[in-house]
Every structure is written in structure tokens, then in C-alpha cells.
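Participant: Following is a predicted model, sequence given first.
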Amino acid sequence: MSGGAAVGSPGRPVGDPVREVMAEHRELCERAVDPLEIAAGLEEAGLGPAAAARCRHADLFSLAEELYARVPRRPPAPDRGRERQCGAAARASLTAAALAALPCAAVAALGARWPVLLSAAVPLVLVPVLTAEPPAAPPPPFTAAPADALGPARTAPPRSGPRWRPARALAAVGYGLGLAALLLLPPVTAEDERLTAALVLAAAVSAGSAERAARWYRQVGRGHLAAAGTLAEFRARMRPVLPVAVALHLAVLAVLSFAALAVLTVVAPRPGPVGGLLHQAAERAGTAQWAAQGVLGLLLVLPALLARCGRTTAAALGALAGPAATLALFGLGHSGRSAALLGGGAVAAVLLAYAWTVLGRAGSHR
């Protein structure tokens, strides 16, 4: 009897014994990235040296090499969940940028009068709600055991309550109020109205960048949580991620601020010697104004990071504390710029230290 009659029932010859193995494990062969993966899959399925010998191969690795050569690769199906997640993140970022920029543009056009400020604050308060993710579908109930074996059937309690519980809704409103105060308070304390309007509009558009940075940070955290073997390894992986997320947002804010200053220079040039557009735009705001813009950027991105990682109360308190400290110092006689630097800067430093402490924990990314 030839070797080809070994795979199959007795008395029924098979022309190509490898073909049966290939048909039975075709999906494994199509998905494999190298022959070793096929060999591991065959071994896990229970095939060994005897099966390799029936297929006229010296060992399982030789058989895997032939299967890898004979079966064409099939690319994995596209991850629709990841595509939907990226689409939701992009929509949330654009929504946050629009809901923040349009009210600030209205304030800049109509002036910082209280009726205008109050009406403009409404879309800003709704930013946390309108950019939130839809609640996940609840898991199906299950029966613990038959009634005649372990008593009456039991169903699993729901794993979580409604997404917008009262405490969470209150935190979202507080976060929205803080965001509104952060963006609408500068026109009230402005010393140079046009310069302040340009920089505030840039900061408002950067709210979309803050939202995107926060979602990216959470996504990276969940990926490291799944890949890390120990909590120490997870903390080591996450250590550089927060500075990168904050730096990316501040870089976007700097580009938007410079673009706003360039537009302002074209629309309303300053008297004096005329230089290049970039040079004039760079000189339009002084060092203190750029520092205040950086503080504003921190006060935008840090609460967003905390909110996206489940620290909604801390995000609301942080968003409210920034403008509250600025307004308190402004009421004590400080200029609007120095009040933003001192009050907002102190709150931003505390928020940054708190975020560094709590966002590196695994519990913030479950």
C-alpha cells in the first residue's frame, strides 16, 4: 500500500493526504503569518509526528511549511468596531470645537455683555453631554441553574446603572460651566479686546483637540492594560503617555493661536514699522500673553483627560476652579492677564499633579 492511503478510512486510498489536513485547517493556514504559527495550531489541534508521517513529512514543521506555501494568505476582516470608534472620536472632537468656537465668536462679534455671555454659555455647558459616548448595551440575563437542581432560577443583576446618574449629570453640568467660564471670562477681563478675542477663538477651537487627546489617552491606556503583565509594567508603559497627550494639545493650541494672530495682523495691522506677516504675528502677543494661553490650554485638556478616564467629579471641580481662582484675583485688583497666570496657573499645576497620580493607575482605564 502506498503512503497516500494512510489518511482516510481503510481500503479507500487518498491521492493527496495533505489536502485533507489543508481543508480541515484552512482558516488557520489563511490567517497564519508564518509556518511556525501553523505548526503551533496543528499541534494544539492534536496532530503530531504520526500525522506528519501519514502526510509524508518528517515532522510537523515540515508539514506546516508545505501548508503555508500551498494556501494563499487571506487578509483579516476589517475591524468595524475600531472604525466606528475612530468615527465617534472624530465626530466628538468636531462637535466640541464647534460648540466652543461658535459661542465665543458670537461674544467677540456682539461684545462681552451679560445677556450675550449668558446665552453663549448654553452650548458650552452642553459640550460634555453632546460629546459623551452612548451607553453600552447591557449584557443578556442568564439563568444560574435549573430550578430542580439548585432552587429557583436566578438572573444576574445589571452590571451598571444608567449612564447619566444624578451625580454624573451634576459633574457634567459643573464641567460644562467651568468650560464656559474658561472661554467667556477672558473677554470680561480683557485689556486688548481684539487680541483677546483672537486668542480665545483659538482656544475654543482647540477644545476639539483636548477631546481628541483625552480619547487617545484612554485608548492607549486600555491597550496597555490588556498588554501589560503586571501593574508595575502598566505604570511604566503609561508614564510617558500623559506628557505626550498634553504636549500634543498644547502644540495644536500654539498653531491655532499663531494662525489667529496672523489673521488679526492682516485684518487690523498695528501702527509702526511694517515687517513680515509672521514676524508681526509673533510680536502681537507678548510672553505673558503666550504663558496665559498655555495655562488656558492646560485648563482645557486636563479636565477632559480626567473626565474621559472616569474622574468626572475631579474634572468638574478642576474646570470650575480655574476661572474661579482667576476671577478672585481679578477682583482683588490684579490685571486680567496676571490673574489668569497666577490663579489659573496654580489650579493647572494642582490638576497636572493630580492627573499624573491617578491616571497612571489601572483603575482609571477599566
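Facilitator: Sure, I can see it. Numbers count the residues shown, from 1 in each chain.
Participant: Show me the shaky parts of this protein.
Facilitator: 1-15, 75-83, 133-164, 270-279, 282, 366 (pLDDT under 70).
Participant: hmm, try it at 50
Facilitator: Within the chain, the ranges that satisfy pLDDT under 50 run 1-13, 136-163.
Participant: any idea which helix is longest in it?
Facilitator: Looking across the chain with DSSP state H, the single longest helix is helix 80-110.
Participant: on contacts alone, who are the packing partners of it?
Facilitator: helix 114-125, helix 127-130, helix 166-188, helix 193-205, helix 207-227 (3 or more CB pairs under 8 Å, 6 or more residues apart in numbering; DSSP states H and E). Using the backbone N, CA and C atoms, a C-beta is placed for each residue, glycine as well.
Participant: The second one - contacts with which helices or strands?
Facilitator: Using 3+ CB pairs under 8 Å, 6+ apart as the contact definition, the elements that helix 127-130 packs against are helix 80-110, helix 166-188.
Participant: Could you do the third one as well?
Facilitator: With contacts taken as 3+ CB pairs under 8 Å, 6+ apart, helix 166-188 sits against helix 80-110, helix 114-125, helix 127-130, helix 193-205, helix 287-308, helix 312-331.
Participant: and it, how far from the chain's centre?
Facilitator: 21 Å (CA atoms, centre = their mean, to the nearest Å).
Participant: CA atoms of it as CSV?
Facilitator: Output of helix 166-188 as CSV, limited to C-alpha atoms (Å, rounded to 0.1, in the frame of the first residue of the first chain):
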residue,chain,number,x,y,z
PRO,A,166,-27.6,62.2,39.2
ALA,A,167,-24.0,62.5,40.4
ARG,A,168,-22.6,62.1,37.0
ALA,A,169,-25.1,64.5,35.5
LEU,A,170,-24.2,67.1,38.1
ALA,A,171,-20.5,66.6,37.4
ALA,A,172,-21.2,67.0,33.6
VAL,A,173,-23.0,70.3,34.3
GLY,A,174,-20.2,71.5,36.5
TYR,A,175,-17.6,70.6,33.9
GLY,A,176,-19.6,72.5,31.2
LEU,A,177,-20.0,75.5,33.4
GLY,A,178,-16.3,75.5,34.0
LEU,A,179,-15.6,75.3,30.3
ALA,A,180,-18.0,78.2,29.6
ALA,A,181,-16.3,80.3,32.3
LEU,A,182,-12.8,79.5,31.0
LEU,A,183,-13.7,80.7,27.5
LEU,A,184,-16.1,83.5,28.3
LEU,A,185,-14.3,85.1,31.2
PRO,A,186,-11.3,86.4,29.3
PRO,A,187,-13.4,88.9,27.2
VAL,A,188,-14.8,90.3,30.5
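Participant: Tell me the buried residues in it?
Facilitator: Using 16 or more other CB atoms under 10 Å as the test for burial, helix 166-188 gives 168, 171-172, 174-188.
Participant: now do the shortest one
Facilitator: Within helix 127-130, the residues scored as buried using 16+ other CB under 10 Å are 127-128.
Participant: got it, and the last one?
Facilitator: Buried residues in helix 207-227, defined by neighbour count with 16+ other CB under 10 Å: 207-221, 224-225.
Participant: quick revisit: right, and the helices and strands packed on helix 80-110 - which one's nearest Leu327?
Facilitator: Leu327 lies closest, by CB to CB, to one member of the helices and strands packed on helix 80-110: helix 166-188, at 6.5 Å.
Participant: Leaving out chain neighbours, which residue sits closest to the residue nearest the centre of the chain?
Facilitator: The residue lying closest to the centre of the chain (CA atoms, centre = their mean) is Arg215, at 1.2 Å. In space, and not counting its chain neighbours, Arg215 is closest to Ala89: 4.7 Å by CB to CB, 6 or more residues apart in numbering.
Participant: Can you give me every residue that contacts the one you found?
Facilitator: Contact analysis of Ala89 by CB atoms under 8 Å, 6 or more residues apart in numbering lists 211-212, 215-216.
Participant: Of all the helices and strands packed on helix 166-188, which one is nearest Glu233?
Facilitator: With CB to CB as the criterion, Glu233 lies closest to helix 287-308 of those, at 21.7 Å.
Participant: Include distance to Leu327 when you put the helices and strands packed on helix 127-130 into a markdown table, please.
Facilitator: Listed next are those as a markdown table, based on distance: least, CB to CB, whole Å:
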| stretch | distance to Leu327 |
| --- | --- |
| helix 80-110 | 16 |
| helix 166-188 | 6 |
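Participant: check contacts around Leu352.
Facilitator: 246, 298, 302.
Participant: That one belongs to a strand?
Facilitator: No - secondary structure of Leu352 (DSSP: H, G, I helix; E, B strand; the rest coil): helix, not part of a strand.
Participant: Now do it against Gly221, distance only.
Facilitator: 17 Å (CB to CB, to the nearest Å).
Participant: Also Arg235?
Facilitator: Computed as CB to CB, the Arg235 to Gly221 distance reads 11 Å.
Participant: ditto for Thr196
Facilitator: Using CB to CB, Thr196 is found at 36 Å from Gly221.
Participant: got it, and Gln289?
Facilitator: 34 Å.
Participant: Since that was my last question, I'll sign off now.
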